[in-house]
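Student: Fold the following for me, if possible:
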Amino acid sequence: MKVNVICLKWGTFYGPDYVNRLYNGVKAHMDRPFRFVCFTDDPTGLADGVEAAPFPEPPPGWKYGWPNIFVKLCLFRKGLAGLEGPTLFLDIDQIIVGDMGRFFDYRPGEFCIIRNWIELRKRLFRRLPKVGNSSCFRFEAGKMEYVYEAFLADMDRAVDQRFFRTEQAFMTHAVGLDKVNWWPSGWVKSFKRSCVRIFPLNLFLGAKKPSGASILCFHGAPSPHEAIAGYRGKHLNTWVKPCAWVKALWEAV
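Tutor: Sure, this is the predicted structure:
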């Protein structure tokens with residue numbers, strides 16, 4: 001059975017090379033036929049094998065600017081790009097480094113997502129929140145439109161900092177915690193949470209290369225190209241020394 005892998009690209013911060021590298025990584029590590037669809041406002045430069053689909057329209061009554069990260073909730077609309085069946089969403093600022101078939105073999109037919117990472121200092125005082133990170137999630141296309149419908153019914157609270165604020169918090173809520181499955185620990189590694197060393201060691205030592213993962217996730221800053229060049233964020237604990245092993249992984253696809 002052919003499975004689906006989908007992504008989003010809009011604006012100019014990420015070029016088509018990000019989509020193409022993601023596609024090439026999936027292709028190199030997938031053990032079954034798959035359809036790769038990129039929802040985009042500009043299909044220029046996308047590789048053969050990447051199917052470009054129109055960027056989803058804003059939901060009726062939306063008043064917060066578009067495109068917007070909340071577009072991820074629109075991906076649950078029935079009939080979007082003719083998608084049906086097991087569908088894996090991937091942010092394009094990730095590097096595929098291992099087996100991708102297991103993301104379709106794990107708990108088939110159910111909703112799966114990364115459990116969101118938080119900073120070490122926050123983990124010292126509280127448990128991980130029961131919120132997914134929408135960089136990588138799998139759903140059954142055509143059978144989960146209730147997530148989109150919940151978004152339509154509650155858009156103002158979805159974007160309100162007093163309630164959900166992020167699309168991934170609302171997604172977790174709309175799916176329902178009793179139906180949410182977390183990906184096994186280690187399948188998706190966060191570059192800034194698993195690889196970058198804690199402050200002040202990050203100022204002197206390079207990021208550690210992870211092992212055992214299928215996906216290296218660059219949620220937020222730095223992005224892969226920023227990690228390769230070296231990154232100096234607003235705060236010292238976000239600084240990253242130039243990372244040669246990220247460059248090697250990036251250029252390999």
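Student: List the buried residues in stretch 42-53.
Tutor: By neighbour count on 16 or more other C-beta atoms under 10 Å, the buried set for stretch 42-53 is Pro43, Leu46, Val50, Ala52, Ala53. Where C-beta positions appear, they are placed from N, C-alpha and C, glycine not excepted.
Student: Give me the contact list for stretch 201-213.
Tutor: Contact with stretch 201-213 is made by 97-98, 186-189, 191, 194-197, 216, 227, 236-237, 239-246, as judged by C-beta atoms under 8 Å, 6 or more residues apart in numbering.
Student: In strands only, show me the buried residues of stretch 42-53.
Tutor: Ala52, Ala53 (DSSP state E).
Student: Show me the strands in this structure, by range?
Tutor: 3-9, 34-40, 51-54, 85-90, 94-96, 111-115, 132-141, 180-182, 188-190, 215-217.
Student: can those go into JSON lines with extra columns for mean pLDDT?
Tutor: Listed next are those as JSON lines, based on pLDDT from 0 to 100:
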{"stretch": "strand 3-9", "mean pLDDT": "98"}
{"stretch": "strand 34-40", "mean pLDDT": "98"}
{"stretch": "strand 51-54", "mean pLDDT": "97"}
{"stretch": "strand 85-90", "mean pLDDT": "98"}
{"stretch": "strand 94-96", "mean pLDDT": "97"}
{"stretch": "strand 111-115", "mean pLDDT": "96"}
{"stretch": "strand 132-141", "mean pLDDT": "96"}
{"stretch": "strand 180-182", "mean pLDDT": "97"}
{"stretch": "strand 188-190", "mean pLDDT": "96"}
{"stretch": "strand 215-217", "mean pLDDT": "97"}
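Student: okay, the ones you listed in CSV with distance to Glu149 next?
Tutor: CSV is the format used below for those (distance: least, C-beta to C-beta, whole Å):
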stretch, distance to Glu149
strand 3-9, 20
strand 34-40, 19
strand 51-54, 21
strand 85-90, 18
strand 94-96, 29
strand 111-115, 15
strand 132-141, 14
strand 180-182, 18
strand 188-190, 28
strand 215-217, 29
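Student: right, and Phe55 touches Trp10 too?
Tutor: Yes. Proximity of Phe55 to Trp10 meets the contact threshold set by C-beta atoms under 8 Å, at 6.0 Å.
Student: what do those two both touch?
Tutor: Common neighbours of Phe55 and Trp10 (criterion: C-beta under 8 Å, 6+ apart): Thr40, Asp41, Pro67.
Student: who's Glu140 bridged to?
Tutor: Beta bridges link Glu140 to Pro86 when assigned by DSSP bridges.
Student: Tell me the spacing between the nearest residue to Phe151 once chain neighbours are set aside and Lys189.
Tutor: Residue nearest to Phe151 in three dimensions, not counting chain neighbours: Leu73, with 4.3 Å by C-beta to C-beta, 6 or more residues apart in numbering. Using C-beta to C-beta, to the nearest Å, Leu73 is found at 25 Å from Lys189.
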